[in-house]
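S.K.: could you work out the structure for the sequence below:
(one chain, ligands or ions: 1)
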Amino acid sequence: MQLRHRLRLSSPLVSLFPSPISQPVCLPPRLAVGLGSPFARCRRPDCRIGYGPGERRYSVAVGSMESATEARDPAASVADGGSGAARLSLEELNWDHSFARELPGDPRTDTISRQVLHACYTKVSPSAEVENPELVAWSERTAELLDLDPKEFEQPDFPLIFSGALPLKGGLPYAQCYGGHQFGVWAGQLGDGRAITLGELLNSRGERWELQLKGAGKTPYSRFADGLAVLRSSIREFLCSEAMHGLGIPTTRALCLVTTGKLVNRDMFYDGNSKDEPGAIVCRVAQSFLRFGSYQIHASRGKEDLEIVRTLADYTIGQHFPHIEIMNKSDDLSFKVGGVGSSVVDLTSNKYAAWSVEVAERTASLVASWQGVGFTHGVLNTDNMSVLGLTIDYGPFGFLDAFDPSYTPNTTDLPGRRYCFANQPDIGLWNIGQFTLTLSSAKLISEEEANYAMERYGDKFMDEYQSIMTKKLGLSTYNKQLISNLLNNMAVDKVDYTNFFRLLSNVKADATTPKGELLIPLRAALLDIGPERKEAWTTWVQTYIEELVSSGIPDDERKAAMNSVNPKYVLRNYLCQSAIDAAEQGDYGEVRRLLKLVERPFDEQPGMEKYARLPPAWAYRPGVCMLSCSS
Ligand SMILES: Nc1ncnc2c1ncn2[C@@H]1O[C@H](COP(=O)(O)OP(=O)(O)OP(=O)(O)O)[C@@H](O)[C@H]1O
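M.R.: The predicted structure is shown next:
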């Protein structure tokens, strides 16, 4: 498959620093502005995307899109703790297996690795070997999404059920078929090679949630691998799912983590030094685990399966984007949206076009929120792009410690740094390009509509990114130069991303502050800067204070607002590693403590300050801050 509509440019952060990306990624020019100059239009002569003055921009169909936003993360609508939700036992859960009911399934149910054609899933049951499984950690917040009584975690059978050794009553296990582009190259069929969905349920608020075991044994999609997961990677996935939710970022969730009691062989650095590690299984929860690759695989199989792309798109819109169906049926012309240049894309005439725009926008918002907290996913292949705009697949991810736009936590990504922090906005668009190409090859959207969705990605990303960075600085208007200069300074001096922004709220809007005292509030983050760099920082703080003064926001009000967007605690890789080291010795206390910590990342949490410290020297050993995909 080839991306037909290629645009061109470099991303916001990349434009500030030498670009590490090896393949040119064609993007709407607007993305180039992240921190840089305003732009006119894509430089490719035949590209019609532009954002210059006077050009029509997408005027959001407010009613529909607003409801879309609300619908995107129902988890956020559930008051954590004490929402009055129902409390059901495992036996009482309200199952409704729409995916298996409405979509074509594989007639075979064996787990022999094979190409599964003309089907979206294969019915298979968990089969990982299990011996005295133990419950390592659990999330009461996630249980609440399901209406599951937290007392159920204490049930003696709970680890057996969530390691797959006992069936979950009412469940309907299956593995999903999907494909994907890996590192920019079409990889063909991938599919749930070690994830097995237990079923879908409806909670008392009418929300649909899918439960899935990751590491539960082989499926037809396992290819040459074992279908298993190790404790190390499962702790990372469990904790980061909940940490991202704590940060307010859309994500798949985690219900629980159990050991299998069996060892799993892994070569962590692909260097021939394999070792046995404890096996484990995470129970993940999401409204859906559909990925861009879920549609790509069927489009890639030619005529016969193109109809499945449509069936799957209909299913997705019906179950997960119902507001689009409503919008489509509406006569209200305010739902119409303007396109670019002379063309107008009418999203009411084609529900698939409206859907592709929403997927593009959700993806753009998601990537912007990652940039805001310094999260680097590490493997942004199209099989790891959720169609709901959720963060999915916590493999070799990393939060920035020292600010470095070219940071990639994934050793496999090192030569090209395709998935480094600064490239994420570009890669998000590249992936949207593949997604829209899939829909256009199935004749669900036109090329013009595909281009339009990509354009919307660019606009939405910039709007969200500018808004996030403005809030991080506690300002009311976006100041491109101020942010650009700050990130440049941070990159030069390798300043800790999280701690710097947290400290920034201590700067006072006082233009009379003596020059020699300007850096005092930021001292803890700027300890390592040399005397020759003081001037650059002092100049930046002076300009920042001028902006604060002109914003007119009182210091205490601004500090509170900034502390609600700049986390005190993020799940740094070395913190994960400490929890992993202890857990591998049978002590699960640190995993549980970290869960509590990352559930409230914006709170000071007295007594927990050590978790905000910079990585110690040992964190730079291989396998802690830099990881491979081996898990
Ligand atoms: N140990 C394994 N056994 C079988 N299949 C695997 C294994 N590890 C990865 N895969 C499969 O390889 C593909 C790419 O792997 P990737 O690391 O992106 O996924 P993952 O972490 O297993 O799953 P997910 O994307 O569901 O979180 C997927 O199809 C995945 O199911």
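
S.K.: what's the closest non-adjacent residue to the spatially most central residue of the chain?
M.R.: The centre of the chain sits closest to Thr391, judged by C-alpha atoms, centre = their mean, with a distance of 2.2 Å. Nearest non-adjacent residue to Thr391, counting by C-beta to C-beta, 6 or more residues apart in numbering: Thr251, 4.1 Å away. Using the backbone N, CA and C atoms, a C-beta is placed for each residue, glycine as well.

S.K.: again, but for Asp305
M.R.: His298 is the one closest to Asp305 (C-beta to C-beta, 6+ apart), at 4.2 Å.

S.K.: do Arg502 as well
M.R.: Ranked by C-beta to C-beta, 6+ apart and with sequence neighbours excluded, the top spatial neighbour of Arg502 is Asn566, at 5.0 Å.

S.K.: run a quick neighbour tally on the residue of the stretch 251-400 of the chain at minimum distance from the ligand.
M.R.: Nearest to the ligand in the stretch 251-400 of the chain, going by C-beta to the nearest ligand atom, is Asp393, at a distance of 3.4 Å. Close neighbours of Asp393, defined as other C-beta atoms under 10 Å, add up to 23.

S.K.: mind listing what it touches?
M.R.: Asp393 sits next to 377, 379, 384 when contact means C-beta atoms under 8 Å, 6 or more residues apart in numbering.

S.K.: residue contacts, the last one?
M.R.: To tie it back to what came earlier, the one meant is Asn384. Contacts of Asn384 by C-beta under 8 Å, 6+ apart are 180, 291, 377, 392-393.

S.K.: the first one too?
M.R.: The contact partners of His377, taken as C-beta under 8 Å, 6+ apart, are 370, 384, 391, 393, 397, 419, 424.

S.K.: next, count neighbours for the closest residue to the ligand within the stretch 151-300 of the chain.
M.R.: The nearest approach of the stretch 151-300 of the chain to the ligand comes at Gly193, 2.4 Å away (C-beta to the nearest ligand atom). Using other C-beta under 10 Å, Gly193 has 18 other residues around it.

S.K.: for it, give me the pLDDT.
M.R.: Note for Gly193: predicted pLDDT of 98.

S.K.: which SS state does it fall under?
M.R.: At Gly193 the chain is in coil, as set by DSSP: H, G, I helix; E, B strand; the rest coil.

S.K.: same check, this time on Gly180
M.R.: strand.

S.K.: tell me the contacts of it?
M.R.: Gly180 makes contact with 186-187, 190, 291-293, 296-297, 381-384 under the criterion C-beta under 8 Å, 6+ apart.

S.K.: same deal with Ala509?
M.R.: 545, 548-549, 551, 553, 555, 558.

S.K.: got it, and Gln296?
M.R.: Gln296 touches 1, 178-181, 382, 434-435, 438, counting by C-beta under 8 Å, 6+ apart.

S.K.: work out for me the element it sits within.
M.R.: Assessed by DSSP states H and E, Gln296 sits inside helix 292-300.

S.K.: what's the mean pLDDT across that helix?
M.R.: Per-residue scores along helix 292-300 average to 98.

S.K.: interface residues of this structure facing the ligand?
M.R.: Residues of the chain lying close to the ligand (C-beta under 6 Å from any ligand atom) are 190-195, 221-222, 225-228, 379, 383-384, 393, 395, 629.

S.K.: strands of the stretch 301-450 of the chain, residue ranges please.
M.R.: Assigned by DSSP state E, counting those that start in this stretch, the stretch 301-450 of the chain shows strands spanning 375-376, 398-399.

S.K.: adding mean neighbour count, distance to Ala216 and mean pLDDT, write those out as TSV.
M.R.: As requested, the strands of the stretch 301-450 of the chain are exported to TSV (neighbours: other C-beta atoms under 10 Å; distance: least, C-beta to C-beta, whole Å; pLDDT from 0 to 100):
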stretch	mean neighbour count	distance to Ala216	mean pLDDT
strand 375-376	25	27	98
strand 398-399	25	26	96
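
S.K.: which one of the ones you listed lies closest to Asp587?
M.R.: Closest approach to Asp587 among the strands of the stretch 301-450 of the chain (C-beta to C-beta): strand 398-399, 24.0 Å.

S.K.: run through the neighbouring helices and strands of the closest one.
M.R.: strand 375-376 (3 or more C-beta pairs under 8 Å, 6 or more residues apart in numbering; DSSP states H and E).

S.K.: what residues does the strand it packs on touch?
M.R.: 244, 249, 370, 391, 397-400, 407-409, 419-421, 424, 570.

S.K.: 6 Å instead, please
M.R.: Outside strand 375-376, the residues that touch it by C-beta atoms under 6 Å, 6 or more residues apart in numbering are 398-399, 407, 409, 421.

S.K.: got the buried residues for the longest helix seen in the chain?
M.R.: Assignment by DSSP state H gives helix 447-472 as the longest helix of the chain. For helix 447-472, burial by neighbour count (16 or more other C-beta atoms under 10 Å) applies to 448-466, 468-472.

S.K.: ok, now which ones touch Gly191?
M.R.: Going by C-beta under 6 Å, 6+ apart, Gly191 touches 177-178, 221.

S.K.: make CSV from those and add pLDDT and neighbour count to it.
M.R.: Shown next, in CSV, are the contacts of Gly191 (pLDDT from 0 to 100; neighbours: other C-beta atoms under 10 Å):
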residue, pLDDT, neighbour count
Cys177, 98, 29
Tyr178, 98, 24
Tyr221, 98, 27
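
S.K.: ok, these vs Leu146, which is closest?
M.R.: Tyr178 (24.2 Å).

S.K.: surely that closest one meets Gly293?
M.R.: Yes: Tyr178 is in contact with Gly293 according to C-beta atoms under 6 Å; the separation is 4.0 Å.

S.K.: anything in contact with each of the two?
M.R.: Shared contacts of Tyr178 and Gly293, counting by C-beta under 6 Å, 6+ apart, come down to Asp383.

S.K.: ok, back up a step: can you check which of the strands of the stretch 301-450 of the chain gets nearest to Gln481?
M.R.: When those are compared by C-beta to C-beta, strand 375-376 sits nearest Gln481, at 25.1 Å.

S.K.: so what's the gap between the closest one and the chain middle?
M.R.: The chain centre lies 9 Å from the centre of strand 375-376; the measure is C-alpha atoms, centre = their mean, to the nearest Å.

S.K.: each with direction, which strands does that strand pair with?
M.R.: The strands beside strand 375-376 in its sheet (DSSP bridges) come out as strand 398-399 (antiparallel).

S.K.: where does pLDDT dip in this protein?
M.R.: Scanning the chain with the threshold set as pLDDT under 70 gives 1-84, 328-344, 625, 628-630.

S.K.: what's the domain layout of it?
M.R.: 14-72+302-471, 87-300, 475-552 (automatic domain parsing).

S.K.: do you know which of the ones you listed lies nearest Asp603?
M.R.: domain 87-300 (9.8 Å).

S.K.: pull the contacting residues for Glu102.
M.R.: Applying C-beta under 6 Å, 6+ apart to Glu102 gives the contacts Tyr315.

S.K.: torsion angles phi and psi at it?
M.R.: phi -100, psi -10 (degrees, to the nearest 10).

S.K.: and the gap between it and the ligand?
M.R.: 21 Å (C-beta to the nearest ligand atom, to the nearest Å).
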